[in-house]
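*Asks:* Below are the sequence and a predicted model for it; my questions follow.
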Amino acid sequence: MSEVLLEAEDIRIRFAKRSGRKNQVVRAVDGLSFAVDPGETFGLVGESGSGKSTAGNAAIGLQELFSGTVRYRGEPMPVPGSARWRDLRRQLQVVFQDPFSSLNPRWTIRQALSEPLKLHGLASAEERDGAIARLLEQVGLGAELAARYPAALSGGQRQRVCIARALAVQPELIVCDEITSALDVSTQAQIISLLQDLKAQTQVALIFISHDLGLVRGVADRIGVMYLGRFVETGETGKIFARPLHPYTIALLHAVPVPDPEREAARKHQPLHGEIPDPADPPSGCYFRTRCPYATDICAAEAPAFEEMEDGHRVACHHVREIEQGVRRS
Ligand SMILES: Nc1ncnc2c1ncn2[C@@H]1O[C@H](COP(=O)(O)OP(=O)(O)OP(=O)(O)O)[C@@H](O)[C@H]1O
Ligand SMILES: [Mg+2]
């Protein structure tokens with residue numbers, strides 16, 4: 001059996017632009033490759049519109065590809081709607097940002113959690129209440145919540161129920177798409193700590209999507225930083241935080257405060273200027289060059305290669321050597 005759980009190889013996804021000129025094509029995902037091992041958490045980070053959700057949906061077979069392949073345990077992702085695809089739907093779950101619209105307001109929590117158990121024949125009628133109590137416990141909720149309706153729950157509790165519903169079918173992978181962005185900061189931290197517990201207790205792999213690098217740091221084993229449908233930097237979370245090398249990652253990191261005030265004061269600030277370009281009309285060469293403090297002629301002429309700097313730490317930047325030396329000097 002293959003070690004890798006999920007593998008995306010050079011995937012591209014295009015959409016007809018929603019507004020503006022006719023026949024314009026948005027390259028929402030523009031040649032991404034990544035792999036997720038069993039039990040691993042891969043963080044996808046980037047600004048709004050960088051293609052995170054599209055890539056996450058493609059990873060679990062919810063998004064048709066323009067080109068490239070997604071493999072699940074070495075097997076190409078079946079065609080959406082096919083019998084094999086329906087089989088796989090159990091293994092590959094997703095939790096979305098808005099826990100309120102994801103839950104049927106007319107169903108109690110018991111009903112919401114019973115549904116997947118029934119659908120996949122995972123617990124008999126007698127076993128069901130026990131299974132629901134265990135699921136609620138797994139996400140830090142009391143069994144008494146089962147009788148309530150979503151409206152009677154806080155945002156954080158609702159999101160825990162959505163996570164429990166995904167866990168109900170014992171999936172191998174859950175895509176968590178901005179699951180904390182509708183929550184206040186302290187509730188966000190609680191959900192991150194819940195995910196850390198789940199990682200320790202189960203073998204579930206996660207694709208954790210967020211525009212907030214600080215949150216991603218809390219759960220991801222590896223990170224892929226996306227910009228206009230491409231990776232600019234990927235690597236182990238610790239390595240990326242210790243030594244970010246792409247100017248975009250460096251800029252994003254400056255939005256994340258450092259807990260140590262001395263180090264915070266010593267940081268060279270390099271905030272991100274300007275707007276993300278129109279994905280239907282990206283710049284030539286390196287997509288980031290229009291906002292990059294290091295940009296030179298070569299950046300407009302050629303797209304940079306995605307170069308491996310050290311084990312698994314990859315960076316797509318023509319000026320990575322200079323940046324690397326600068327980082328080392330400071
Ligand atoms: N169904 C669609 N039809 C047309 N364009 C789309 C569609 N879905 C996404 N896009 C476009 O593809 C690009 C990537 O969108 P996507 O939602 O994947 O980004 P994202 O990184 O998840 O952003 P956010 O942080 O706002 O959720 C955007 O330019 C978006 O407008
Ligand atoms: Mg999104």
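*Replies:* Okay, I see it. Ligands and ions are numbered 1, 2, ... in the order given.
*Asks:* Kindly export stretch 29-39 (C-alpha atoms) in PDB.
*Replies:* What follows is the C-alpha trace of stretch 29-39 in PDB, where atoms were taken according to Å, rounded to 0.1, in the frame of the first residue of the first chain:
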ATOM      1  CA  VAL A  29      -5.300  26.800  -9.500                       C
ATOM      2  CA  ASP A  30      -2.300  27.100 -11.800                       C
ATOM      3  CA  GLY A  31      -0.100  24.100 -11.500                       C
ATOM      4  CA  LEU A  32       0.000  22.900  -7.900                       C
ATOM      5  CA  SER A  33       1.600  19.700  -6.700                       C
ATOM      6  CA  PHE A  34       1.400  18.500  -3.100                       C
ATOM      7  CA  ALA A  35       1.100  15.300  -1.100                       C
ATOM      8  CA  VAL A  36      -0.500  14.500   2.200                       C
ATOM      9  CA  ASP A  37       0.600  11.500   4.300                       C
ATOM     10  CA  PRO A  38      -1.800   9.600   6.500                       C
ATOM     11  CA  GLY A  39      -2.400  11.500   9.800                       C
END
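*Asks:* so, in contact with ligand 1 or not, it?
*Replies:* No. Residues of stretch 29-39 are not located near ligand 1 by Cβ under 6 Å from any ligand atom, the shortest gap being 7.4 Å. Every C-beta, even on glycine, is put in place using the N, C-alpha and C of the backbone.
*Asks:* Show me the contact partners of that stretch.
*Replies:* Under the contact criterion Cβ atoms under 8 Å, 6 or more residues apart in numbering, stretch 29-39 has outside partners 3-13, 42, 51, 54-55, 58-59, 68, 172-173, 199, 202-205, 207, 224, 226, 228-231, 234.
*Asks:* same deal with stretch 7-24?
*Replies:* Identification of contacts with stretch 7-24 by Cβ under 8 Å, 6+ apart yields 25-36, 51, 54-55, 58-59, 63-71, 74, 229, 280-281.
*Asks:* How about stretch 121-139?
*Replies:* 109-110, 113-114, 116-118, 142-143, 145-146, 160-161, 163-165, 167-170, 194, 198, 201.
*Asks:* Name only those of those that count as buried.
*Replies:* Restricting these to buried positions leaves 109-110, 113-114, 116-117, 143, 145-146, 160-161, 163-165, 167-169, 194, 198, with burial counted as 16 or more other Cβ atoms under 10 Å.
*Asks:* which residues in the chain form strands?
*Replies:* Across the chain, reading from the start of the chain, the strands by DSSP state E fall at 6-16, 25-36, 41-45, 67-72, 75-76, 92-95, 173-177, 205-210, 222-227, 230-236, 307-310, 313-315.
*Asks:* beta partners of Gly224?
*Replies:* Each beta-bridge partner of Gly224 is listed here: Leu44, Thr234, as defined by DSSP bridges.
*Asks:* Next one: it from Ser210, what distance?
*Replies:* In this structure, Gly224 and Ser210 are separated by 12 Å, where distance is defined by Cβ to Cβ, to the nearest Å.
*Asks:* ok, now Gly130?
*Replies:* Taking Cβ to Cβ as the criterion, Gly130 is separated from Ser210 by 34 Å.
*Asks:* Mind checking which of these two has more residues around it?
*Replies:* Residue environment comparison for Gly130 versus Ser210 gives the larger neighbour count to Ser210, 26 against 11, counting by other Cβ atoms under 10 Å.
*Asks:* which ones are touching that one?
*Replies:* 43-45, 178, 180-181, 216.
*Asks:* In PyMOL, select just the buried ones from those.
*Replies:* Applied in PyMOL, the following selects the buried portion of these according to 16+ other Cβ under 10 Å:
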select buried, resi 43+44+45+178+180+216
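*Asks:* pretty sure Glu322 contacts Thr296?
*Replies:* No. Between Glu322 and Thr296 there is no contact, the gap being 10.2 Å when judged by Cβ atoms under 8 Å.
*Asks:* tell me the domain ranges of this structure?
*Replies:* 6-91+172-329, 99-170 (automatic domain parsing).
*Asks:* The shortest one - what's its average pLDDT?
*Replies:* When you say that, I think you mean domain 99-170. What domain 99-170 shows for mean pLDDT is 95.
*Asks:* Endpoints of it, how far apart?
*Replies:* Counting by Cα to Cα, to the nearest Å, you get 20 Å between the two ends of domain 99-170.
*Asks:* Right, I'll call it a day here.
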